[in-house]
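Pasting the sequence and the predicted coordinates here, then a few questions.
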Amino acid sequence: VQLQASGGGLVQAGGSLRLSCAASGRTFSSGVMGWFRQAPGKEREFVATISWRGGGTIYADSVKGRFTISRDNAKNTVYLQMNGLKPEDTAVYYCAAGRSFSAVRNNYGYWGQGTLVTVSS
């Protein structure tokens with residue numbers, strides 16, 4: 001699976017962005033998709049994940065109620081709708097594909113190149 005993330009940019013606090021991750025490969029519709037992020041000087045952390053049929057989602061506590069993950073298997077695309085953005089959301093956001101419905105980074109074997117989200121105060 002090859003992943004291409006897009007949609008990052010500069011936004012003011014309180015604003016919204018929608019990230020997209022286009023996947024290629026026949027296994028997309030049967031795989032778990034997740035978003036992670038890495039802020040400068042920090043470890044890469046889990047943001048959200050969605051099961052292969054889209055019926056199950058898990059969110060990090062820091063984004064719960066503000067971010068929504070979704071997927072369109074017909075388009076081989078997963079989305080991350082981010083509302084109520086805060087300066088602490090500033091990071092490079094990575095999409096990832098894996099087999100286990102999990103927030104654990106090591107369970108994801110395929111990674112996109114990342115897209116930068118900057119939230120100004």
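Everything's here; your move. Numbering: from 1, shown residues only.

where in the chain is pLDDT low?
Counting by pLDDT under 70, the ranges of the chain that qualify are 26-30.

Point to the residue nearest the middle of the chain.
When Cα atoms, centre = their mean is applied to the chain, the residue found nearest the centroid is Trp35 (2.4 Å).

host element of that residue?
strand 32-38 (DSSP states H and E).

what packs against the helix or strand following that strand?
Downstream of strand 32-38, the next assigned helix or strand under DSSP H and E is strand 45-50. In terms of contacts (3 or more Cβ pairs under 8 Å, 6 or more residues apart in numbering; DSSP states H and E), strand 45-50 is packed against strand 32-38, strand 57-59, strand 67-72, strand 77-82. Yep, even glycine has a C-beta here, placed from its N, CA and C like the rest.

Among those, which comes closest to Glu45?
Comparison of the helices and strands packed on strand 45-50 against Glu45 by Cβ to Cβ identifies strand 32-38 as nearest, at 6.1 Å.

What are the contacting residues of the closest one?
Strand 32-38 is contacted from outside by 19, 21, 23, 44-52, 69, 71, 78, 80, 89, 91-103, 105, 107-108, 114, 117, using Cβ atoms under 8 Å, 6 or more residues apart in numbering.

Put the alpha carbons of stretch 112-121 into PDB.
Provided in PDB are the C-alpha atoms of stretch 112-121 (Å, rounded to 0.1, in the frame of the first residue of the first chain):
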ATOM      1  CA  GLY A 112       2.500   8.300   4.000                       C
ATOM      2  CA  GLN A 113       5.000  11.100   3.700                       C
ATOM      3  CA  GLY A 114       3.200  13.500   6.100                       C
ATOM      4  CA  THR A 115       1.500  16.900   5.700                       C
ATOM      5  CA  LEU A 116       2.300  19.900   7.900                       C
ATOM      6  CA  VAL A 117      -0.500  21.500   9.900                       C
ATOM      7  CA  THR A 118       0.400  24.800  11.500                       C
ATOM      8  CA  VAL A 119      -2.100  26.500  13.900                       C
ATOM      9  CA  SER A 120      -1.400  30.100  14.800                       C
ATOM     10  CA  SER A 121      -2.600  31.700  18.000                       C
END
